[in-house]
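>>> Any chance you could fold what I've pasted below:
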Amino acid sequence: MREVPITIPPHCDVTLGLTCVDKSQPGHTLWSMTAAEAFANVVGVVQGGFLTAMADTAMGSTAVTFARAAGRKGYASSIEIKTTYLAPARVGSSLRCAARVVHGGSRVIFAEAEITDDRGTAIARASASYLFTPAVPSPAGP
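Numbers count the residues shown, from 1 in each chain. Have a look, this model is predicted:
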């Protein structure tokens, strides 16, 4: 298997215009994104997949902050995700996604997220399970 270099921030976050606003409290993160016209569907609102991607980034990073607070280094991979859409995300609106860990075990971490717009309207809610994989030290050193 070919080793893929890690890019920070990830290309998907750059493409979506995601910004981590706060990750100061382990197990909680806050992200923002502008609802770009490029993400609009045929009826002129943000297509749900982009909202799910935002929630996935927020919840995945939340899972990592939770694990790091317990002294564990590694990464979290989503193994299932569910998104419920509550209201349309208007093109041009500023979206915020607050995520939190609900339960964390040694291998699986469960998180929830809520996306709101600049009017305070709840746009979507998501929940997901993440498989935590410990970091493997590089043969060249730490």
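
>>> Could you pull out the buried residues of the helix or strand containing Val14?
Per DSSP states H and E: Val14 is located in helix 11-16. Neighbour counts over helix 11-16 (16 or more other Cβ atoms under 10 Å) mark 13, 16 as buried. C-beta coordinates here come from the backbone N, C-alpha and C atoms, glycine included.

>>> Next, the residue nearest to the spatial centre of the chain: phi, psi?
For the chain, the residue sitting closest to the mean C-alpha position, by Cα atoms, centre = their mean, is Thr57 at 1.8 Å. Backbone torsions of Thr57, given as degrees, to the nearest 10, read phi -60, psi -50.

>>> ditto for Arg125
The phi/psi pair for Arg125 (degrees, to the nearest 10) is phi -130, psi 140.

>>> Let me know the next secondary structure element after whichever strand or helix holds Thr83.
Per DSSP H and E: Thr83 is located in strand 74-85. Counting by DSSP H and E, the next helix or strand C-terminal to strand 74-85 is strand 94-104.

>>> List the contacts of that next one.
21, 27-35, 46, 51, 54-55, 57-59, 61-63, 66-67, 70, 89, 109-118, 123, 127 (Cβ atoms under 8 Å, 6 or more residues apart in numbering).

>>> Could you turn the buried ones of those into a ChimeraX selection?
ChimeraX command restricting these to the buried ones, with burial defined by 16+ other Cβ under 10 Å:
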select :27,28,29,30,31,32,33,34,35,46,51,54,55,57,58,59,61,62,63,66,67,89,109,110,111,112,113,114,115,116,117,123,127
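
>>> Okay, and which of the contacts of strand 94-104 map to strands?
Using DSSP state E, the members of the contacts of strand 94-104 that fall within strands are 21, 28-34, 109-116, 123, 127.
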